[in-house]
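Asks: model this:
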Amino acid sequence: MLNNTGKRLAIVFLVLTFIFWLISMVTPGWLVKPDNGFSIFYFQVCTEDKCENTKYSDIFQKSPGVKLAVALQIESLVALILCAISGILVIFPTNRTTTTFFIVVIIIPVAATLQCVLILSAALINNIFASIVNFPYSILLSGLGTLFSIVAWV
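Replies: Next up, the predicted model:
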């Protein structure tokens, strides 16, 4: 079983992981072009006077880009849910057995792996469009969350 300090640190790092992953999911910083920002769930088009958010399905009806976006959306949601489940298992003192901690020890690396795949996919896309892309801050936020999840796992 974890001692109190280890449990507190795991909780803090899991909460930080959840916050960073959630922020990275809702911000349009995965691919940032000068007038556009791409999020996991929408993209943002800015003109001189206003910015507008549009869902992928509204623009690209049945293109391969939508299938990739749906896969990334599912991947990020599953990672976020697994992070929340592992946090709940650590925080709430319901029937703490070694099985519960083994489940957490298995869930956290799976969630981190899903986030790593998401980060690498976005980084590859950014590398392709490197000449016209600004700093992709959502990738940085997601990467920090992944580092926190690894620390929580340890």
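
Asks: the helix or strand hosting L147 - contacts with which helices or strands?
Replies: In the assignment (DSSP states H and E), L147 maps to helix 137-153. Applying 3 or more C-beta pairs under 8 Å, 6 or more residues apart in numbering; DSSP states H and E, we find helix 137-153 packed against helix 4-26, helix 98-128. Any C-beta I mention is one placed from the backbone N, CA and C, and that applies to glycine too.

Asks: the inter-axis angle of it versus helix 98-128?
Replies: Angle between the axes of helix 137-153 and helix 98-128 is 160 degrees (criterion: axes from the mean of the first three to the mean of the last three C-alpha atoms, to 10 degrees).

Asks: what is the mean pLDDT for stretch 42-62?
Replies: Mean per-residue pLDDT for stretch 42-62: 71.

Asks: picking up where we left off before, buried sites along the helix holding L147?
Replies: Using 16 or more other C-beta atoms under 10 Å as the test for burial, helix 137-153 gives 137-139, 141-146, 148-149, 152-153.

Asks: relative to V32, how far out is the residue nearest to the spatial centre of the chain?
Replies: The chain has W21 as the residue nearest its centroid, 3.8 Å off, counting by C-alpha atoms, centre = their mean. Applying C-beta to C-beta, to the nearest Å, the value for W21 to V32 is 18 Å.

Asks: can you name the next helix or strand after the lowest-mean-pLDDT helix or strand in the chain?
Replies: Across the helices and strands of the chain, mean confidence by mean pLDDT, DSSP states H and E is lowest for helix 56-59: a mean of 64. Sequence-wise, the next helix or strand downstream of helix 56-59 (DSSP H and E) is helix 64-91.
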